[in-house]
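> Turn this into a structure:
(chains A, B and C)
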Amino acid sequence: MTRTISAQTLLTRELLERRRPGYSLEAPFYLSDTVLQADMEHIFGKHWLFVAVEPQIPEPGDYVAIEFGSKSILIVRDDDMGVRAFHNVCRHRGSRLCESHQGQLGNIVCPYHQWTYDLTGKLIHAKHMGADFDPSEMGLKTVHVRTLSGLIFICLADDPPEDFEQMAAEMTPYLAPHRLQDCKVAAQVDIIEDCNWKLTMENNRECYHCVANHPELTISLYEFGFGYQPSAENAAEQQRFIDITNAACERWESMGLPSAEIERLDDRITGYRTQRLPIDRAGQSQTMNTEVASKKLLADFTDPALGGLSFWTQPNSWHHFMSDHIVSFSVLPISATKTLVRTTWCVHKDAVEGVDYTVENLTAVWNATNAQDRRLVEESQIGIATGAYQPGPYSPYTEGLVEKFCNWYVNRLNAHSR
Amino acid sequence: MTRTISAQTLLTRELLERRRPGYSLEAPFYLSDTVLQADMEHIFGKHWLFVAVEPQIPEPGDYVAIEFGSKSILIVRDDDMGVRAFHNVCRHRGSRLCESHQGQLGNIVCPYHQWTYDLTGKLIHAKHMGADFDPSEMGLKTVHVRTLSGLIFICLADDPPEDFEQMAAEMTPYLAPHRLQDCKVAAQVDIIEDCNWKLTMENNRECYHCVANHPELTISLYEFGFGYQPSAENAAEQQRFIDITNAACERWESMGLPSAEIERLDDRITGYRTQRLPIDRAGQSQTMNTEVASKKLLADFTDPALGGLSFWTQPNSWHHFMSDHIVSFSVLPISATKTLVRTTWCVHKDAVEGVDYTVENLTAVWNATNAQDRRLVEESQIGIATGAYQPGPYSPYTEGLVEKFCNWYVNRLNAHSR
Amino acid sequence: MTRTISAQTLLTRELLERRRPGYSLEAPFYLSDTVLQADMEHIFGKHWLFVAVEPQIPEPGDYVAIEFGSKSILIVRDDDMGVRAFHNVCRHRGSRLCESHQGQLGNIVCPYHQWTYDLTGKLIHAKHMGADFDPSEMGLKTVHVRTLSGLIFICLADDPPEDFEQMAAEMTPYLAPHRLQDCKVAAQVDIIEDCNWKLTMENNRECYHCVANHPELTISLYEFGFGYQPSAENAAEQQRFIDITNAACERWESMGLPSAEIERLDDRITGYRTQRLPIDRAGQSQTMNTEVASKKLLADFTDPALGGLSFWTQPNSWHHFMSDHIVSFSVLPISATKTLVRTTWCVHKDAVEGVDYTVENLTAVWNATNAQDRRLVEESQIGIATGAYQPGPYSPYTEGLVEKFCNWYVNRLNAHSR
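Numbering: from 1, shown residues only, chains lettered A, B, ... in the order given. Prediction:
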């Protein structure tokens, strides 16, 4: 055991020391089981992870089981409407407690020998264990959990990063007006990408690849919103985008909707970024025709043109909050070369399918975009695995946020792996 | 090579030393490739393994190929009706000799270059090998084999444990009256469980899980036969079970059928246990209606109510001998997380399918039970792999034989891996 | 990194030192990931590999992508009709450039961010990279490539073995008359064998297994062409074969077709062997009826009975050049236990399918033979993996070329891995 950890530390340290700023990471970061072990231990084991939205568990006893790497975590709505998280493992002989990815339960009963836990994780029943057995020592192992305006984050560490609270304080004014807690899940799609999770994240952190690869997304997305090399040819168009954005932000701020960029991606433990950006054409939503996907707007909104409030978190999520729906992405490693991308679309809980919205229209843009991104990151994984790959230069104009992701990742690994 | 063995020894020794009696084993025992290597080398490589029943190879030239881990062993009926075992590997360039899992052959001919061995393993033909070639040095590699009242055991070690003979002496009076040698195989089913082989064995060694999981098996099985925490509520029922058992045993002993428990699970190299227990309701057989599955009783039996004579062996088998049929289970590791469970049902060789028995009725209880157990052990494997598992306490009333399995396993590994 | 290489070197060195001439190799050579790594680094990384034929890329912009291990190499016909080879990996963020195994392109455009390379590998376009970016440093990584009478060889080393030129000088008179460059690909079939690549190669280097396993191939193949233990019974038949061969060779030499054996399998870096052997029965081609498969003969041939000119190369190919068609085999490791065998049949480029030849008739013999060989090598892999395998003696009469393959392999590994 000691031996393994030390080999991991050695390899990781060597790679971290060799890292060249301004360039993509070396191949073992995307290929090595040892690095994945370090990622699972230090990145996914010690930071706040976005794993679900509150509308997935509206009622007491509702649960979802989040599985990544070899882990399995139960997220449970308790009887007092609180959100709790437990390791999905019986304290007796280790059986997984809930096999389904989601469901409803009164107590948590192990299928093997019927050890029974209540929704607070307390062991309340275990047969045949004799007089010396103390059930109070055998409660479920808890996992730290926080909600932020309806987004559920967990942290597997004993002492989770405290700066979550500062992020929550800064982000709540942005997110709360959309009232995710009053939504329902309209659709959820899992895809498994044959690549390292960092390629999925890096791909999310730039739009250099959008023009040529995402015809559906770029209907609603302004190309200038994610970086551009200035030139004589594009100067006028770029200025026009700045003017539109400034005017829109002024309007949104006056409605009580904070919109200015906050960028804290690589200078804190719980890294994040937010910005509300205008939507092109009809200006309403990330749909094929840029109009709202759901006629029943969120919260008490009456104006459908609220742009897209994006919220990006390290290490594993991004979200787009619009006037009519919210789409959330959670990225979870399965192995060094397999990654789960879970996309969740929420609409107002009173929106009626077939009347106010259709799932097909709601999900069209991101289902298409996800499929395109999947191919891009899988081709990257294949190329990087060839042995001929060497780190290449990032564009100073369009890949700055990719570098910030790498900065954050390298800093966090450095902080923990020595 | 030396390096690998030493890493294996180190890990195994560390784990063995940390073992806490009364608690389940630590996770690496179920997950680690290194431990599986130790299991293959020391447990499956140096102990007697149950692998087949004689009715699988009734005639000269009949063979079965037993495959586990990466091993392949031929069990052959020779021309003198003896049972022989060989490594299923040509001495020339290493080809597997028999591709099928069972069949009939005159000589053993390698498919590659037709090197030909007789049923004693002697090389009797090899073309083009020149004058200096000595075929007598190129016979098949033999494997030790013993039969016990129709059950076939092999041992891969050069010097197999000698206490097999004592077990045979003690067990023959129990097993011989059922005359397995005069049976035929009525059905054989292989299932592959996605778990470590020890979870399969531990599951077999307790019935704490039976009530809630095995509705078919518990029709014929008395719950009290496998341990129970005494209480005011169940005292009368428990006493009734003891009375029934004592009366039945007295009756069986008077018929010349030894029935008393022998328990030698963890105090010898070739560990085993036996007991003849009454069957509930009609009292005849492990079937859905507890009546015999085959009207043609075994041996010269006339009384169908002979209970169930169980025979459990370390590390890899259990058997139930009844008046009408015998069901045998062989457990063989495929990898650290994959295990083969082979179930074989034997009836009298003169029983006629469709007249005396149907395969569906004969196999109904154990096919259902195996499927249920498979889910239980696979859920255990998943839970144990999460990293949140830690060894939990065994019930002093219902999991004593699980602990004896662990005792035996730990003792045997300790004896060989240092 | 240093650690891994050293473990590889240690294991490989130990195995190489233990090698016993006259006997097959030890099991780890066929099983171990560490040895496969050494094979990929030293054998496939530093020697000339046969990977394609020129008729696969007749026109400028035509390419094939050769994938083995985790590598991906583009073989491209450039605008000056030269053959070039590049690593199929973008210099920006490492994406694979061409996903298809073959195709046609003007420039090489990365699908991710549209970095664009011309057919000489030069980076000619990259957006958003700023003023400091120097595209001349970002050309594709080149791979050494040589053609030999239409056969394309690559070498991944910086300094490829120079003795390719001597092989080319000796082989050109044999191969050139068949004018492979003026052929077209009539069929190409990939099979993946579940075995180590060395078992595939060793199987190719002997015909001891042919009589019992290859009924289709032995219609055209003289059994005596690949070694035989002399005996009183076969002396006359063997003499007859020698006479036929001598007469045929005399005739072919008089036509300007060199036919005598050249055997340089294990005494040089770029090992090879050639021989033109008579074909049995009608004497024309490796077909089911031994007549030509294509009525349109190659080059300017008018005589269909030109025998079979075989060309075997270390480490990974063999070829049969006949009057009417050429069949080429390329063997590439996928992993320690998976191997790609690619078979390519070429006919005259003016031959018309359905008129001059049918694909079914052209490919019948080798499709059948490949399927038979696949089973043989997979059974060898299984047997060798059992642990009961130990190196067996080679026949001094029929397995001499297998031993020369092993000699070459061991010598080359010795030269590089210390």
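
> Would you agree residue A:171 falls within a helix?
Yes - counting by DSSP: H, G, I helix; E, B strand; the rest coil, residue A:171 is found in a helix.

> That one: neighbour count?
By the criterion of other C-beta atoms under 10 Å in any protein chain shown, residue A:171 has 19 neighbours. Quick note: C-beta positions are derived from backbone N, CA and C, even for glycine.

> roughly how far apart are residue A:352 and residue A:59?
According to C-beta to C-beta, to the nearest Å, residue A:352 and residue A:59 sit 20 Å apart.

> what's residue A:194 sitting at in phi/psi?
phi -80, psi 70 (degrees, to the nearest 10).

> Is it correct that it is in contact with residue A:381?
Yes - here residue A:194 reaches residue A:381: they are 6.2 Å apart, a contact under C-beta atoms under 8 Å.

> More neighbours: these two, which one.
Shown here are residue A:194 and residue A:381; by other C-beta under 10 Å, residue A:381 has more neighbours (24 against 15).

> SS state for the more buried one?
The local conformation at residue A:381, judged by three-state DSSP, is helix.

> what sits against residue A:12?
A:34, A:35, A:38, A:413, A:417 (C-beta atoms under 8 Å, 6 or more residues apart in numbering or on different chains).

> related to what we said a few turns ago, neighbour count: residue A:352 and residue A:59, which is higher?
Taking other C-beta under 10 Å, residue A:352 and residue A:59 do not tie; residue A:352 has more neighbours (12 against 8).

> Check that one and give its pLDDT.
Predicted confidence (pLDDT) at residue A:352: the value is 98.

> how about the nearest residue to it, chain neighbours excluded?
If the residues on either side of it in the chain are set aside, residue A:352 comes closest to residue A:296, at 7.5 Å by C-beta to C-beta, 6 or more residues apart in numbering or on different chains.

> Helix, strand or coil: sort out that neighbour for me.
Reduced to three states by three-state DSSP, residue A:296 is coil.

> just checking, it touches residue A:349?
No - the criterion here is C-beta under 8 Å, and residue A:296 misses it with residue A:349 at 9.1 Å.

> Overlap of the contact sets of the two?
Counting by C-beta under 8 Å, 6+ apart, residue A:296 and residue A:349 have no common neighbour.

> and residue A:59, helix, strand or coil?
With three-state DSSP as the basis, residue A:59 sits in coil.

> Can you give me the distance of the residue of chain A most remote from its centre to chain C?
Using C-alpha atoms, centre = their mean, the residue of chain A lying farthest from its centre is residue A:131. It sits 46.3 Å away. The gap separating residue A:131 from chain C is 50 Å, by C-beta to the nearest C-beta, to the nearest Å.

> Ramachandran coordinates for that residue?
Dihedral angles (degrees, to the nearest 10) for residue A:131: phi -70, psi -30.

> what about the closest residue in space to residue A:125 that isn't next to it in sequence, neighbour count?
Among residues not flanking residue A:125 along the chain, residue A:116 sits closest, at 3.8 Å (C-beta to C-beta, 6+ apart). Counted by other C-beta under 10 Å, the residues lying close to residue A:116 total 17.

> can you tell me how far the residue in the stretch 151-300 of chain A positioned nearest to chain B sits from residue A:68?
Using C-beta to the nearest C-beta, the closest approach of the stretch 151-300 of chain A to chain B is made by residue A:156 at 9.0 Å. To residue A:68, residue A:156 is 10 Å away according to C-beta to C-beta.

> Check the stretch 101-250 of chain A for the residue nearest chain C and tell me.
For the stretch 101-250 of chain A, C-beta to the nearest C-beta, closest residue to chain C: residue A:229, 4.3 Å.

> Is that residue in contact with residue C:132, as I believe?
No - Residue A:229 lies out of contact with residue C:132 (C-beta under 8 Å); the separation is 11.9 Å.

> Between those two, which is the more surrounded one?
Using other C-beta under 10 Å, the more surrounded residue of residue A:229 and residue C:132 is residue A:229, with 14 against 7.

> contacting residues for the nearest residue to residue A:378 once chain neighbours are set aside?
Spatial nearest neighbour of residue A:378, excluding adjacent residues (C-beta to C-beta, 6+ apart): residue A:194 at 5.0 Å. Neighbouring residues of residue A:194 by C-beta under 8 Å, 6+ apart: A:337, A:338, A:378, A:381.

> swap the cut-off to 10 Å and go again
Residue A:194 sits next to A:334, A:335, A:337, A:338, A:339, A:374, A:377, A:378, A:381, A:382 when contact means C-beta atoms under 10 Å, 6 or more residues apart in numbering or on different chains.

> Of these, keep whichever come out buried.
For those, a neighbour count by 16 or more other C-beta atoms under 10 Å in any protein chain shown gives the buried set as A:334, A:337, A:339, A:374, A:377, A:378, A:381, A:382.

> Check what pLDDT the residue nearest to residue A:181 when sequence neighbours are not counted gets.
Nearest residue to residue A:181 in three dimensions, chain neighbours excluded: residue A:150, at 4.5 Å (C-beta to C-beta, 6+ apart). The confidence metric pLDDT takes the value 98 at residue A:150.

> same check, this time on residue A:323
Looking at residue A:323, its pLDDT stands at 98.

> helix/strand/coil for it?
Look at residue A:323: counting by three-state DSSP, its state is coil.

> and residue A:128, how many neighbours does it have?
Neighbours of residue A:128 (other C-beta under 10 Å): 18.

> Tell me how many other residues crowd residue A:232.
For residue A:232, the neighbour count with other C-beta under 10 Å is 6.

> no wait, residue A:294
Neighbours of residue A:294 using other C-beta under 10 Å come to 28.

> ok, back up a step: so who does the residue of the stretch 101-250 of chain A closest to chain C touch?
Residue A:229 sits in contact with A:395, A:396, A:397, A:398, C:127, C:128, C:129, C:130, C:131, where contact means C-beta under 10 Å, 6+ apart.
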